[in-house]
Each structure stands twice: as structure tokens, then as C-alpha cells.
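Student: sequence below, structure please.
(one chain, ligands or ions: 1)
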Amino acid sequence: MEKFLDTITAEMKRAFAACGYEEELAKVTLSNRPDLCEYQCNGAMAAAKKYKKKPIDIANEVVKELQGSGLFSEASAVMPGFINLKIAEAFLSYYMNGMKNSEKLGLEEVRDKRTVIVDYGGANVAKPLHVGHLRAAVIGEAIKRMGRFVGHRVIGDVHLGDWGLQMGLIIEELKDREPALPYFREGYAGAYPPEAPFTIAELEEIYPAASAKAKTDDAFKERAQEATFKLQNGYAPYRALWEHIMRVSLADLKKNYANLQVEFDLWKGESDAQPYIPDMVQSLIDKGLAYESQGALVVDIAEDTDSKELPPCIIRKSDGASLYATSDLATIVEREKDFKPDHYIYVVDKRQELHFTQVFRVAKKAGITAADRRMDFVGFGTMNGKDGKPFKTREGGVMRLESLIAEISEAAYGRIMENRTVSEEEAKETAKLVGLAALKYGDLSNQATKDYVFDIERFISFEGNTGPYILYTIARINSILKKYSESFGEAAVTEIQAPVSEPEKTLMLSLARFSEVMHTSFEELAPHKICAYIYELSNALNHFYHETKILAQEDEGKRNGYIGLITLTRECLLTCIDLLGFEAPERM
Ligand code: ARG
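Tutor: Prediction:
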């Protein structure tokens, strides 16, 4: 189906053209005075300048042309030259039934289907997940699902940090603890054990211990750097250990992401990009882009239009080691080879903005990707505690994802048990869904770049702009539908009828915007717009519910029409929360 706004705009264009004005002027927007009208067009103002006439005269002409249009129940010209619009009730219900009977609620997929890489998650192997990784996972997953829904081919890649100093630290710490292991035995020529010499719990303890030691013990730190260097240059015993670290840590990471309902298509990491580095660096040199500066190899990225001076991108340190940027550039080489993406999206902490500016510019300058390739950096802000500082556990430690999820589910459980309408067992299951919704909606409802405060009490509230409120609205619809079928059986026809009340019309106007919101949210990479939309939709549904006798409606056609309308609302809400990455329980 054509987007609702496009249909209205086309009608307005027709009217402008019929009056002899350029149709480009006929831009329609949602009303910013909902008390007066539903949509508005300010095109007469712009036309006045162009055609040297009074805006109100133009508005009057266009309005006259719109009389008899099936789309508007009212079109009026208002000083100094606004055109105020109200949608015809019959057209609105016609559009509702179209949505109800179409795939994807009438959403038309994009015509330019792009291959999109979403780089998100970014967990570091063997290091604890921190809040930044939570945000990356939640926002990236939503963006991936949104892109797919509007019709793109979207590939999600976790892009693990699996090639850094943490590996050398773990190796050296292990060596200090268990020097007899074959990995550390000089001249050992046998096979390495298939079993890892540590469990995930041990690994989680080894890394922080090693990291702390390196801060006070310079010799240890040097050994760790050396071990990292050896690993990166293919030293077999360390490579074998690295594989153990990867296996043990990955299993745990996968479990964590699965609990968050975050799924990746690719489990690649920085290590996968390493083979591409030598050729890539050589080509930067051959193209004359990379040059030596104080022993390091760098590429200038500054442009005349920059408002502040941007430092060059360092490709290789003076000791020969490659860096974060090198690895991200090589990853682009790899992705070009594997997928030829039309669009790259990186969902990473906003403090890494300079890094990505450098990487994107070098990639384009060097022709690693096309100069006009769309490359977006979705930089997100920090999730803070109530004290305004980056969120920590109650003990002041680094957040563990598992405990965070457990904490919020427990709070949701308490809240559900207050009502005591369901069994303990069902409440537990429900609490998991509600907790996840609270966590994700609490995050996604903010513009990504903004910092926000992680406030469990507010997030799990069933009222206000929260995930549980959305789920509660869905549960309310479920309950009406259940009662309906108990009393009346399955309705054969649920044709939505023209709205007769203000709340009913408001609900329909909200539903009509679905396709528009889905497309805009993805184009702007803005999941918060979907949150704002379903909050508005839920408010509209609840207002309609309070003002309307649905089951007690005697007229069968009307009653069934209401059922059709709330069923459509339910579909719409369920689709949106799925895009945001959470699910609704049957009841709450
Ligand atoms: N591992 C990185 C970190 O923890 C995030 C990776 C983001 N993605 C990328 N392509 N650099 O900061």
C-alpha cells in the first residue's frame, strides 16, 4: 500500500497543479495544532513568494479545488495562508481494512534493496562485558531488524575484540600459575590437549587479575606484550591457547547474547581481519597515502571543511605493531570481498567517533570502498546509574550482563506478583519477558547519542513511557479478544467501520502512520522513533478502550468492526516490539 502521507500528499499536489501552481509546493505534514486539524499544508506560503500573490488567496483556491475530494472531510484556509486538513472517515476505514488485509500491515518494501552490514556488539573475548556492550547489542539488534523489515539484506556482525593485549595478559598469568602446562614447555613437540586448561569461571578471574598485575608490575606487562606479539606472529603453542580462550569465552558470550535475544549472522572478530593487513598497508604506501612520521606510518585525513583539526590515522606503530584502525580498515577489505555492502553501520560508543571518522575517510580515500559509500557511525551515549556516573553493580564492580538481566526480571516479578492474578510459575516466565522489555525499551526510547539513567523502578512501571506499559496494552487487547470469542465465537467478518468517535479516529490516524514511521526510523537509524510511535499508539488504544463499549456494543457490525480495529492495533504493536527486540506475554 502507498504510505498514508504519500496518498494525502498526492491529492494535495493534484489540487496545487489544478490551480496552476507547481506541485512541489504541496508538502503535507502532521498537524502541529492537533486541536484544529489532523494534517496541514503550508505550501500556499511558499507559493505566494513565487507567484507574487497573497498566501490566503492561494490557500483558498486550493481548498476550493479540494471540495469533493474523497480524502478529506474538511479542508480549510486559515490566515495567513495555512491549509488545515481533516481526514475523511470513510477513507480512513478503507485504509485500515487495507492494512488489515495486507502482508506486513501494508508496508511496501524499499525499491533500492541494499546490502547492509551492521557492526554491533563488539564484545571483547575473555574480558567482562560492560555497559557499552549492552547498548551496542540492544541498539544494533533493533537497527538490524528494522532494516530487514523494510526490505534490505542486512547482515549483523558481532566483530569481537579477540586480538588484543588481553590475550597476552591471560597467557602470561596462566604461565605464572601453571608453568608445567605443555604450552610453556621449551622444545615441546607433542600435540596440545583438546581440553582448555581453564573453565569460564576461572578465565573470568584470570583476566582481571592479570590486568591488575600489569598495572603495577612493568616486567609482567612487558612479558604480556611479548606474548601478544608472539601470538600475533603465529607462535603455535600460544595459538593453541588462544583457541581455547576463544572457545570457552565464545560459548559464554553466545549464551549472554541469546538471553538478550540478540542474534548475529557473523561471529567474526578482529583476528579474522589480520590476514588482510599486509597487502592493505602496502597499497596505502603504493598509493602515496601512507607516510612515515616519527617512525610510525600514518595517513592524513583532514579536509578543508573540518571545523577542527583532525589528527592523521595511525596505521602502524614505530615498533611495527598494527592498531585498532588498521584492523577496522582490514575488516572493510574483508567485507568488500565477502559481501560488497552498499551501506555500513557501526553501532559503537560515541567516544569512538574520531576513530570511525578516520577509518571511513581512509577507506574512501584509498578506494577500499567507494568514495560515496554510505558509512554511518551510530555513536551512543553512556548508561549511567542514579548517581550520574557510568552504571556499576551495587558492589561497584563492572556490570555483568547476566546479573543485570536477573535484577530487572526480579523487579518485574515483584511488580507482577503485586497483582497476584497469575500462578507463581507463570509470573516467573512473564517476568523474564517484562524484564527484557523494560531493559530494552528503557534504552531504545532515548535518542541513541544521549546518556541516560538506568532506573529500574521507572523502567518496570506499568504506566508511562515504558516497555511494560506497551506490553500491558497488548495484554489488554488479548484479554478483550479472549472475552469476545468466549461470548460470541470467532467473528466471520471484522470489517473496520468508519470511525464515529474522536478516540476511535485518533487511534486509526495513529495506525495509518505505521509504514511511514517504519521507513523513517530505519533511514534515520532511530529506534527511538518506533518507541515514540508505539507509546502514542498505546495511549490511543487505551483512550479508545476507556471511551468505548466494545463487548457491550449491541450492533453486531460495529462490535465486530471494533474487534477488527483492536486486532489491527495488536498486530501493529507486536510487529514494532519485535523490531525493537522483545516479546509480549499473553497476559500480565
Ligand atoms: N571491541 C570494541 C570495544 O570494546 C568495539 C568494537 C566496535 N566495532 C568496530 N568495528 N571497531 O571498544
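Student: can you list the residues of the stretch 151-300 of the chain near the ligand?
Tutor: Taking C-beta under 6 Å from any ligand atom as the contact definition, the stretch 151-300 of the chain meets the ligand at His159, Gly161. C-betas here are computed from N, CA, C, even on glycine.
Student: closest residue of the stretch 151-300 of the chain to the ligand?
Tutor: Proximity of the stretch 151-300 of the chain to the ligand (C-beta to the nearest ligand atom) peaks at Gly161, 3.3 Å away.
Student: next, give phi and psi for that residue.
Tutor: phi -90, psi 90 (degrees, to the nearest 10).
Student: and for the nearest residue to it once chain neighbours are set aside, the neighbour number?
Tutor: Spatial nearest neighbour of Gly161, excluding adjacent residues (C-beta to C-beta, 6 or more residues apart in numbering): Asn124 at 3.6 Å. Asn124: 20 surrounding residues under other C-beta atoms under 10 Å.
Student: touching, the residue of the stretch 151-300 of the chain closest to the ligand and Ala126? I think so.
Tutor: No. With contact defined as C-beta atoms under 8 Å, Gly161 does not count as touching Ala126 (9.4 Å).
Student: which stretches of the stretch 201-350 of the chain form helices?
Tutor: Assigned by DSSP state H, counting those that start in this stretch, the helices in the stretch 201-350 of the chain fall at 218-232, 236-259, 270-273, 277-286, 324-339.
Student: how about the longest one as PDB, C-alpha atoms only?
Tutor: Extracted in PDB, the C-alpha atoms of helix 236-259 (Å, rounded to 0.1, in the frame of the first residue of the first chain):
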ATOM      1  CA  ALA A 236      52.000 -22.400  17.700                       C
ATOM      2  CA  PRO A 237      51.700 -23.000  21.500                       C
ATOM      3  CA  TYR A 238      50.100 -19.600  22.000                       C
ATOM      4  CA  ARG A 239      47.900 -20.100  19.000                       C
ATOM      5  CA  ALA A 240      46.600 -23.300  20.600                       C
ATOM      6  CA  LEU A 241      45.900 -21.500  23.900                       C
ATOM      7  CA  TRP A 242      44.200 -18.700  22.000                       C
ATOM      8  CA  GLU A 243      41.900 -21.200  20.500                       C
ATOM      9  CA  HIS A 244      41.000 -22.500  24.000                       C
ATOM     10  CA  ILE A 245      40.300 -19.000  25.200                       C
ATOM     11  CA  MET A 246      38.100 -18.300  22.200                       C
ATOM     12  CA  ARG A 247      36.100 -21.500  22.600                       C
ATOM     13  CA  VAL A 248      35.400 -21.100  26.300                       C
ATOM     14  CA  SER A 249      34.700 -17.400  26.100                       C
ATOM     15  CA  LEU A 250      32.600 -17.600  22.900                       C
ATOM     16  CA  ALA A 251      30.300 -20.200  24.400                       C
ATOM     17  CA  ASP A 252      29.600 -17.900  27.300                       C
ATOM     18  CA  LEU A 253      29.200 -14.800  25.100                       C
ATOM     19  CA  LYS A 254      26.700 -16.600  22.900                       C
ATOM     20  CA  LYS A 255      24.700 -17.600  25.900                       C
ATOM     21  CA  ASN A 256      24.700 -13.900  27.100                       C
ATOM     22  CA  TYR A 257      23.600 -12.600  23.800                       C
ATOM     23  CA  ALA A 258      20.900 -15.200  23.400                       C
ATOM     24  CA  ASN A 259      19.500 -14.200  26.800                       C
END
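Student: how far away is the residue in the stretch 1-150 of the chain that the ligand sits nearest to from Leu401?
Tutor: Here the stretch 1-150 of the chain gets closest to the ligand at one residue, Gly122, 3.0 Å apart by C-beta to the nearest ligand atom. The gap separating Gly122 from Leu401 is 13 Å, by C-beta to C-beta, to the nearest Å.
Student: quick revisit: want to throw the helices of the stretch 201-350 of the chain into a markdown table with mean neighbour count and mean pLDDT?
Tutor: Below are the helices of the stretch 201-350 of the chain laid out as a markdown table (neighbours: other C-beta atoms under 10 Å; pLDDT from 0 to 100):
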| stretch | mean neighbour count | mean pLDDT |
| --- | --- | --- |
| helix 218-232 | 17 | 94 |
| helix 236-259 | 18 | 94 |
| helix 270-273 | 21 | 96 |
| helix 277-286 | 15 | 97 |
| helix 324-339 | 20 | 98 |
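Student: touching the helix or strand of the chain with the lowest mean pLDDT from outside, list them.
Tutor: The helix or strand of the chain with the lowest confidence, counting by mean pLDDT, DSSP states H and E, is helix 401-419 at a mean of 88. Under the criterion C-beta atoms under 8 Å, 6 or more residues apart in numbering, residues 129, 133-134, 256, 259-260, 393, 422, 424, 427-428, 430-432, 434-436, 438-439, 456-457, 459-462, 468, 588 lie in contact with helix 401-419.
Student: what does stretch 485-505 give?
Tutor: Contacts of stretch 485-505 with the rest of the structure, by C-beta under 8 Å, 6+ apart, involve 87, 89-90, 92-93, 96-97, 100, 484, 507-508, 540, 543-544, 546-548, 551, 557-561, 563-565, 567-568.
Student: please pick the buried ones from those residues.
Tutor: Burial by neighbour count, judged by 16 or more other C-beta atoms under 10 Å, picks out 87, 89, 92-93, 96-97, 100, 484, 507-508, 540, 544, 548, 559-561, 563-565, 567-568 from those.
Student: which ones among these are found in strands?
Tutor: With strands taken from DSSP state E, the overlap with the buried ones among the contacts of stretch 485-505 comprises Ile87.
Student: among the buried ones among the contacts of stretch 485-505, name the ones in helices.
Tutor: Secondary structure from DSSP state H places 89, 92-93, 96-97, 100, 484, 507-508, 540, 544, 559-561, 563-565, 567-568 of the buried ones among the contacts of stretch 485-505 in helices.
Student: which ones among the residues you listed come in contact with the ligand?
Tutor: Of these, not one also sits near the ligand (C-beta under 6 Å from any ligand atom).
Student: now do the SS call for the closest residue to Gly151 other than its chain neighbours.
Tutor: With sequence-adjacent residues excluded and distances taken as C-beta to C-beta, 6+ apart, Gly151 is closest to Glu109, at 2.9 Å. Assigned with DSSP: H, G, I helix; E, B strand; the rest coil, Glu109 falls in the coil class.
Student: Glu109 contacts Arg153, correct?
Tutor: No. Taking contacts as C-beta under 8 Å, Glu109 lies outside contact range of Arg153: 11.1 Å.
Student: now for those two: what residues contact both?
Tutor: Common neighbours of Glu109 and Arg153 (C-beta under 8 Å, 6+ apart) do not exist.
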